[in-house]
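>>> Whatever this is, show me its structure:
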Amino acid sequence: MEFGIFVQGHVPLSKLAADPDFEHTSLLNDIEIAKAADKAGFKYLWASEHHFLDEYSHLASNDVFLGYLAAVTERIHLGSGIFNPLPQANHPVKVAEKVATLDHLTGGRFEFGTGRGAGSREILGLGLTDTTVTKEIWAEVVREFPKMWMQDSYSHQGTWFSMPERNVLPKPWKKPHPAMWYAAGNPPSYEMSARMGLGVLGFSVGSPADAEVAVASYKKAIPSAEPIGAFVNDNVMVTSSAVCLADKHRARAAAAGMGMGRLQSLVFRYHDTFPRPDWVPEWPAVLPEPTLEEVEWRLHNGYLVCGDPDEVLDQVKRYEATGIDQLTFGLPIGLSLADTLETIELFGRHIIPKLDKDPVHRTTRFRGAAAALGK
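Predicted structure coming up:
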């Protein structure tokens, strides 16, 4: 099992109250997190693309952010989690050009994740008038990217975008093209992704039990994949929150104070295409922050990775047992930068060497095998 870090430019009001410049501070903190994860042995760094989502995510131009990280990291793969390829948000050709450019700047370390946007606040703000058509638009667009990268002459006449014959430049540096991923939200989406040969970014998986269902759906379909690209990216990534500190009591206290209740409320505020559970109040009401007893319940039931390195190793092994390929941690929420960096350092020292002993990234192996076959 491989490991990753997810950043999204989180700017909670509590941080802004203490530091009016925290939007800037948050961006710089995410850079430090990426550099620390690279040094600690994490294999992937995922960066969001979101628009208009106050507090939740202020990282809109993740292509710029990832381009900067290309110069200050060495080994970690840098992924779009996601690039929005809907023509109303980003012209597909310009997305293909950015992906290829990032592949050059990273030396082949770029991972291409796509999705359809967070919800009505984001999607309708970018020119669409109906959130129900995004799946159809994405399905048309996503199949075009390998053609743009691998053909010297490309044109498209479709329902949602068209363009005359052109040579889309630059081409990716490493052949045939970066690994492709999709941000899936439910088991049918996992199966669809597998049949298309796409890896899955499982940002909505909440526990090992959820991961087990998602993995079963994906792995059942992957043997019959008909990849839209040059190779099958047989990969399931799921996310969790993590606090790994030398003192297990301090870890639990940090988890209780890092804003999980408000963050979860923001998720359902903005991701309004998800059904809102009865236990989540309607915005602007928010979930209370967990008590220490509730933190304990969450970590014992797999909804949080938290504790000292020995405890965290045992908790992470529960994810490993589900068959996922990558476990990624959303960092930070409201965790201090010091605690975040300690979490990354201890995880790299005590957990990663025990569970990820392959020096080569899984996606690198898939891409290299396709290149060897001349695809």
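
>>> C-alpha from now on. contacts and neighbour counts both.
Will do.

>>> Would you state the strands of the protein in chain order?
With DSSP state E as the definition, the chain shows strands at residue ranges 2-7, 44-47, 77-80, 110-114, 154-157, 162-166, 180-183, 199-202, 236-240, 242-244, 305-307, 326-330.

>>> Listing partners with orientation, what would you give for the longest one?
The strands beside strand 2-7 in its sheet (DSSP bridges) come out as strand 44-47 (parallel), strand 326-330 (parallel).

>>> Could you dump those into CSV with distance to K357 and mean pLDDT added?
Supplementary listing: those in CSV, determined by distance: least, Cα to Cα, whole Å; pLDDT from 0 to 100:
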stretch, distance to K357, mean pLDDT
strand 44-47, 15, 98
strand 326-330, 13, 97
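
>>> most neighbours per residue, which of those strands?
Using mean count of other Cα atoms under 10 Å, the stretch among the strands paired with strand 2-7 with the largest mean neighbour count is strand 44-47, at a mean of 27.

>>> What lies in contact with that one?
Residues outside strand 44-47 that contact it (Cα atoms under 8 Å, 6 or more residues apart in numbering) are 3-8, 34, 37, 59, 62, 66, 76-82.

>>> Alpha carbons of that strand, in CSV - could you do that?
Extracted in CSV, the C-alpha atoms of strand 44-47 (Å, rounded to 0.1, in the frame of the first residue of the first chain):
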residue,chain,number,x,y,z
TYR,A,44,1.8,11.2,-3.8
LEU,A,45,0.7,14.8,-3.2
TRP,A,46,-2.9,15.7,-4.4
ALA,A,47,-4.1,19.3,-4.7
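
>>> Nearest the middle, which residue of this protein would you pick?
For the chain, the residue lying nearest the average C-alpha position, counting by Cα atoms, centre = their mean, turns out to be G81 (3.9 Å).

>>> for it, phi and psi?
As for G81, its main-chain torsions (degrees, to the nearest 10) stand at phi -120, psi 50.

>>> State the distance from it to T114.
Distance, G81 to T114, using Cα to Cα, to the nearest Å: 7 Å.

>>> Residues that sit against both of the two, list them.
Shared contacts of G81 and T114, defined by Cα under 8 Å, 6+ apart, are found at A183.

>>> what packs against the longest helix along the chain?
With secondary structure taken from DSSP state H, the chain has its longest helix at helix 22-40. For helix 22-40, the contact count by 3 or more Cα pairs under 8 Å, 6 or more residues apart in numbering; DSSP states H and E identifies strand 2-7, helix 13-18, helix 62-72, helix 337-350 as packing neighbours.
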